[in-house]
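In: What follows is a predicted structure for the sequence shown.
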Amino acid sequence: MDAQPAVGEPERSPTAESLVAAIARGDAAAFDALYPRVAGPVYGLALRVLRDPHLAQDVAQDVLVEVWRQAPRFDPSKGSAMAWVMTIAHRRAVDRVRREETQSGIATRAAAVHDVPHADEVHAAAERSLDAVRVRRAMSGLSPVQREAIELAYWRGYTHQEVSAVLAVPLGTAKTRIRDGLIRLRDALGEGVGR
């Protein structure tokens, strides 16, 4: 006997995980139900990585086709369905950036090899390198959940909403992890000033 929702109780929508499982069995209706949940975040992530609406649309379309084709490979024990979809989206967007750079920048990079940097540029590069070491050291002092949230938000370009979805935590929890991690980073980097 199927459990029917009580009178006045809203009917629960299927989870993204159950939709992906149905898609894995070839259920086109499940894909139609999942599409509006993931299309916006996938496009948003692709746009942030690529910074070109047309390329982002292409990548988003590729990702959604990949979700349809790869649904049987989704393993819920490794993370949420949204995290799986967003991981596919991020990889596709990064691959597209690399391909675009390769296609358009071969001659530019070849010419740049022969340029001798100015002393100020060398000094600035050295400072950036030292700053990167300090940031890596400070990041190692964060809790794993703070570090993961900050990496998603600042190195992968995810919005707070996307961080929440990828980590499968409430939005407020994701924001708190990011905020607390940034405070700890600020304190750690502030202590290193002048050393």
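Out: That came through fine.

In: Can you show me the helices along this structure?
Out: Secondary structure of the chain (DSSP state H): helices located at 16-24, 28-50, 53-70, 81-112, 119-140, 144-150, 160-167, 171-191.

In: okay if I get the ones you listed as TSV plus mean pLDDT?
Out: Written out in TSV, the entries for the helices of the chain read as follows (pLDDT from 0 to 100):
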stretch	mean pLDDT
helix 16-24	95
helix 28-50	94
helix 53-70	95
helix 81-112	82
helix 119-140	71
helix 144-150	88
helix 160-167	88
helix 171-191	86
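
In: will you turn those into CSV that also has mean neighbour count?
Out: Bear in mind the C-beta positions are built from the backbone N, C-alpha and C, glycine included. As requested, those are arranged in CSV below (neighbours: other Cβ atoms under 10 Å):
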stretch, mean neighbour count
helix 16-24, 20
helix 28-50, 18
helix 53-70, 17
helix 81-112, 15
helix 119-140, 11
helix 144-150, 18
helix 160-167, 21
helix 171-191, 16
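
In: got the domain boundaries for the chain?
Out: With domains defined by automatic domain parsing, the chain comprises 12-115, 117-195.

In: how distant is the first one from the center of its chain?
Out: Its chain's C-alpha centre and that of domain 12-115 lie 10 Å apart, by Cα atoms, centre = their mean, to the nearest Å.

In: Over to stretch 168-175?
Out: 15 Å.

In: swap in stretch 153-168?
Out: The chain centre lies 6 Å from the centre of stretch 153-168; the measure is Cα atoms, centre = their mean.

In: mind checking the end-to-end distance for it?
Out: Distances were taken as Cα to Cα, to the nearest Å; on that basis the terminal residues of stretch 153-168 are 14 Å apart.
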